[in-house]
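# Coordinates for the following, if possible.
(2 chains)
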There are 2 protein chains.
Amino acid sequence: MITVSFKPEGGAGEVEAGSTILEAAHQLGVTITAPCGGKGRCGRCRVICERGCAEPTGAEHDLLTGEELRNGVRLACEAVLLADAQVIVPSNSRTVNGQILSEDAGDELTLAPNVVSRLIQLPEPTLADQRSDFERIADTLEIPTADLRIHRDALAQVTPILRQNDFCISVVMLGNVIVDVRPPMSEHPCCLGAAVDIGTTTVVAYLVNVSTGERIATASALNQQARYGHDLISRIEHVQSSTGGLEEMRSIVVNLINRLLAEAAEKAAVRRRDIYEVAVVGNTCMHHLFLGLDPRHLAQAPYVPVTRGPMDVSAADAGLAINPAGGVYSLPVIAGFVGADTVGVLLSSRITERDHPTLIVDIGTNGEVMLWSGERLLVTSCAAGPAFEGGQIRHGVRAAEGAIERVWLRNGSIGFATIGGAHPNGICGSGIFDIVATLLDGGVADITGRIADKEASEDLPVQIATRLRGEGSEREFVVAERDDGSGEITFTQQDLREVQLAKGAVRAAVELLCTEAGIECEEIEEVLLAGAFGNYIDRRSARRIGLLPDIPLGRIRGIGNAAGAGALAALVSVDERRYAAELASRAEHVELMANPGFQLVYADSMIFPSSI
Amino acid sequence: MITVSFKPEGGAGEVEAGSTILEAAHQLGVTITAPCGGKGRCGRCRVICERGCAEPTGAEHDLLTGEELRNGVRLACEAVLLADAQVIVPSNSRTVNGQILSEDAGDELTLAPNVVSRLIQLPEPTLADQRSDFERIADTLEIPTADLRIHRDALAQVTPILRQNDFCISVVMLGNVIVDVRPPMSEHPCCLGAAVDIGTTTVVAYLVNVSTGERIATASALNQQARYGHDLISRIEHVQSSTGGLEEMRSIVVNLINRLLAEAAEKAAVRRRDIYEVAVVGNTCMHHLFLGLDPRHLAQAPYVPVTRGPMDVSAADAGLAINPAGGVYSLPVIAGFVGADTVGVLLSSRITERDHPTLIVDIGTNGEVMLWSGERLLVTSCAAGPAFEGGQIRHGVRAAEGAIERVWLRNGSIGFATIGGAHPNGICGSGIFDIVATLLDGGVADITGRIADKEASEDLPVQIATRLRGEGSEREFVVAERDDGSGEITFTQQDLREVQLAKGAVRAAVELLCTEAGIECEEIEEVLLAGAFGNYIDRRSARRIGLLPDIPLGRIRGIGNAAGAGALAALVSVDERRYAAELASRAEHVELMANPGFQLVYADSMIFPSSI
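Take a look at the predicted model:
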């Protein structure tokens, strides 16, 4: 055994000669980033070690400069310890970038996982030292016994492991609780965690090595609660109207998460029992259903959640099949319709660290709008409805192969593109945005959202006019012909009304938040689009139909699954959890329904811009 | 609703007009002793209430003096509140005596239960007050949400209970965790707890209303682990030698406790789910087996326990069938053979509050000796073996009907008495003490423990001499004739050797503790005998055979099940738990085996006193 100490953070102890610096760090509970998983590829785990290491490896020669090598800089995952050593871990070797936070967030995130593993060597008991095994562990960890707790199952394993391994043991801690103990040399990686984003439509699980920040696998699936309705209200109604409905909804999502965790663990060839913590985000209804809390009051005034703060529950209570002593952390929610997903977006986007007014719009099945004025953080939700995801649109479909995802008008002709270039089978969200923009640009629909009737159509170019037919709310625009002869894909007057209601709700929310913050919409310097929505829609179309205020396209950007990124951030750092709680407290929830001006602004917001 | 406030402790709120003061106190989480269970019998729940109450009842006229009644003294369980009132609770109406602490302890115990129930009325949510249900509870309890936790199952019940009861709810707290919520008017008593004394031979469960200190039922049974041996070593060997032996031992005791709790709950006509906490004592081996911890190292040098501190585990983890969110608290242990039972004795006897040297001897299957010198607290254990309980004695039996419990020599004749006056079927512990004392007094055995051989018997009175027969280790003394003709009940030379070894071990422990403390045995001013042992043996016989030092009989007293009393004290007061932890830390464990003088003192201690 050799002695290694880490600076400036601390952490010292004995490790096997021949360990890499990264292995030694993890044994001693010291965090070093290794986004590539310690495979000598990314070069992020730079540390300084002047003595005690074997010669630099090929990977180190490739990834480090000559000057770095001369100064003792090493890759922790490559440098093998041969003798006693002191290792300096620069602060940027404790941070993770891009893969955890939203792509847009400038800041990096310092790993400070709630789960850490420590390999410790205990002094053997003697008649002169009759401390119990547990006290011996606490004393070696330098934690007062009164502050250290241990799970009963772990405690039951302590004694045999110590006696079979010369009083050397690896302890896994979740906060101040020892949740597991392992023999010193385990083939299984430690410590794993999972971030789960429970969307109304889709549930995603990210499996992460929380000691390194490495994302080791991802799995996702449709939320099967959808069998009781695609929108939140239908699901709440199911809970209200059927005996056992709440428990049923809970089981669906819990079973689904368990399936995703199993799938991700299989992909990464790891054991589920090595997952010690799951961090969860979801809108308030998903949050409630996952925890088995009655969501019915979310949907009726005054829209009160059962609880809003961050929740720590045991994996057993949550029903998740990870390590039985593991924990589940849920980010806080803000209001009945502004959930943990929004807190995740606020967190991962670093919105309050910007020095200019910033707007974030996150539209999934429900819409959340967040405005940072530079001083105040305002949030609200709006019932966008499912139109943006293809729901309640006659030929609407989810974004999958064959969905029309782009529509354009060029030289008086309509063109379109489908996902995967397949034969068209319907229109998905981004296609719907484009169609509406096209209808407006082509003069087919006016600013009130009315599609030209027979008489008015006579003024339109013939290629357009011939695509129109029907009357009243049945008047429709033919977008494409199905290849299989099963008819045409059209966009109806009724469809346009659905979009108009949805975009009006979002736009009204934006307007009212600006009013509340005392700024003009035009003062917003950045608009960030979160969620699948943000990644796929055409920003120009979104602005053309008036979903967004009239600001330059260059200031509008998609930031991907920012809610999931928030869950990942919370998973790997307790500091991020504190920050999330601060953001949730700081966010001022604006209840649109309680706002006396809402109806008026909503009505105005439904009008389409005459042109942009 | 009327408003009631309690002084000096605090606690105020609204209650139904027509409630008694005791009901109001419990609704508001204020503790008032009511040893009789609030039945208007004991008169212990005196409070002062000058206004707002109905006229005194018959019970109050019976139990209070005229002067008390003039001064506004009332019985909390009788006085009915009619209007807003202020109630003063004198400090002695918060204490329990005799029934919780050992009979000998002078002090009374102030109730400070870890489980309390509070009835609260919440403000209803509005659009202007969208706090979640949980925040509303925390704010009403005046506990910051970050410091208050709630069990998931309880949280799931909050919303329906609030909506069905006009936002009135009763919350049950275990420390800072809400473990249950109930409708405001429940027919079921709250809050119940149980103290469990896991003896090697017998397990006892006391069911208690922790809000009043009332003991409402008791149940006990033999520890069925005895099928693997009556002593600890055999049980440890079973764990060591059989696969699954530990889990099997654990199941036996857990199932037994569950059966006792069910039995006690049935006797008291209460529900097991209203039991929220169990406080447990037991020797270190019983403690380990109950918690599923491997006991094998307790029995081999250096005799190291798995853990020593107090343990808080969930009822689910402990396997106890009480409220599923309930908890189990185990008193700390001191060493491999000085367990939580000893800590219970130290606690309930208030040994360190005495100003004179005090010795406590607790002999069950194993022996523990505690010495308070006035400054230092020393404890040790000795392998007394089962002889004192009738084990390894040829005609030894447990203390049950027909067991010879008293033996005497009067006018040269042997007399005896059996339990229940039944026909004799063997000799139990107290009878064994008496026989040995009788043999010594009658000159049948000498100070080395040798029973007179044929030759020496000739000098004995004929009534005695004719009772002797056999030779060598088979030489025996006929105590009685079985009534059923199945032969005689004798006490053999071998039996006497067993007693001699056992008493020698205890006496050596006493001597060595005195030496360690730097006092003479004669300086001990009080000897307290704990356990069944202490209640039944003849103190004179115990002294005659030299188990105890030669001190006046008036200074020797039995204190009953002091270990169980310690568990009860810890159950009803968190202050007692802190005190128990202090005592466990303060106690200096003397390892007899590690003491170089032990063998010599042990040999000396086996000699019987020539006469007393």
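# Using CSV, write down the CA coordinates of stretch A:356-373.
Taking C-alpha atoms only, stretch A:356-373 is exported to CSV below (Å, rounded to 0.1, in the frame of the first residue of the first chain):
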residue,chain,number,x,y,z
HIS,A,356,-30.1,41.2,-19.7
PRO,A,357,-33.8,40.4,-19.9
THR,A,358,-34.2,36.8,-21.0
LEU,A,359,-37.3,34.9,-21.9
ILE,A,360,-37.6,31.1,-21.9
VAL,A,361,-40.5,29.3,-23.4
ASP,A,362,-40.9,25.6,-22.7
ILE,A,363,-43.8,24.1,-24.6
GLY,A,364,-44.5,20.4,-24.3
THR,A,365,-48.0,19.3,-23.6
ASN,A,366,-48.3,22.3,-21.4
GLY,A,367,-46.6,25.6,-21.7
GLU,A,368,-44.4,27.4,-19.2
VAL,A,369,-43.0,30.8,-19.7
MET,A,370,-40.1,32.2,-17.7
LEU,A,371,-38.9,35.8,-17.7
TRP,A,372,-35.8,37.1,-16.1
SER,A,373,-35.9,40.9,-16.2
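# Buried residues, it. List them.
A:357-373 (16 or more other CB atoms under 10 Å in any protein chain shown). Heads up, the C-betas are built off the backbone N, CA and C, glycines and all.
# give me the low-pLDDT residue ranges for chain A?
Filtered on pLDDT under 70, chain A yields the residue ranges A:9, A:35, A:94-107, A:612.
# domain parsing for it?
As given by automatic domain parsing, the domain ranges for chain A are A:1-93, A:114-189, A:192-330, A:354-385+A:504-606, A:388-498.
# could these go into a markdown table alongside distance to chain B?
Shown next, in a markdown table, are the domains of chain A (distance: least, CB to the nearest CB, whole Å):
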| stretch | distance to chain B |
| --- | --- |
| domain A:1-93 | 21 |
| domain A:114-189 | 4 |
| domain A:192-330 | 4 |
| domain A:354-385+A:504-606 | 4 |
| domain A:388-498 | 26 |
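# can you redo these as CSV with distance to residue B:23?
As requested, those are exported to CSV (distance: least, CB to CB, whole Å):
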stretch, distance to residue B:23
domain A:1-93, 53
domain A:114-189, 37
domain A:192-330, 29
domain A:354-385+A:504-606, 38
domain A:388-498, 55
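# To residue B:116, which of those lies closest?
Each of the domains of chain A has some distance to residue B:116 by CB to CB; the shortest is domain A:192-330, at 21.2 Å.
# Now do the strands in the stretch 351-500 of chain A.
A:358-363, A:367-372, A:377-382, A:403-410, A:413-418, A:426-427, A:468-469, A:476-481, A:488-492 (DSSP state E, counting those that start in this stretch).
# Would you mind telling me which of those strands is nearest residue B:545?
Per CB to CB, nearest to residue B:545 of the strands of the stretch 351-500 of chain A: strand A:377-382, 81.5 Å.
# Residue A:190 belongs to a helix?
No - if the criterion is DSSP: H, G, I helix; E, B strand; the rest coil, then residue A:190 is coil and not within a helix.
# Skipping adjacent residues, who's closest to it in space?
The shortest distance from residue A:190 to any non-neighbouring residue, by CB to CB, 6 or more residues apart in numbering or on different chains, is to residue A:117 (4.5 Å).
# for that neighbour, helix, strand, or coil?
Quick answer, by three-state DSSP: residue A:117 is strand.
# Provide the partner residues of it in its beta bridges.
Following DSSP bridges, residue A:117 is listed with bridge partners residue A:172.
# okay but it is in contact with residue A:25, surely?
No - look at residue A:117 against residue A:25 with CB atoms under 8 Å: they stay out of range, at 10.8 Å.
# which residues does the nearest residue to residue A:490 once chain neighbours are set aside contact?
On the basis of CB to CB, 6+ apart, the spatially nearest residue to residue A:490 that is not a chain neighbour turns out to be residue A:476, at 4.0 Å. Contact analysis of residue A:476 by CB atoms under 8 Å, 6 or more residues apart in numbering or on different chains lists A:394, A:451, A:468, A:469, A:470, A:490, A:491, A:492, A:493, A:495.
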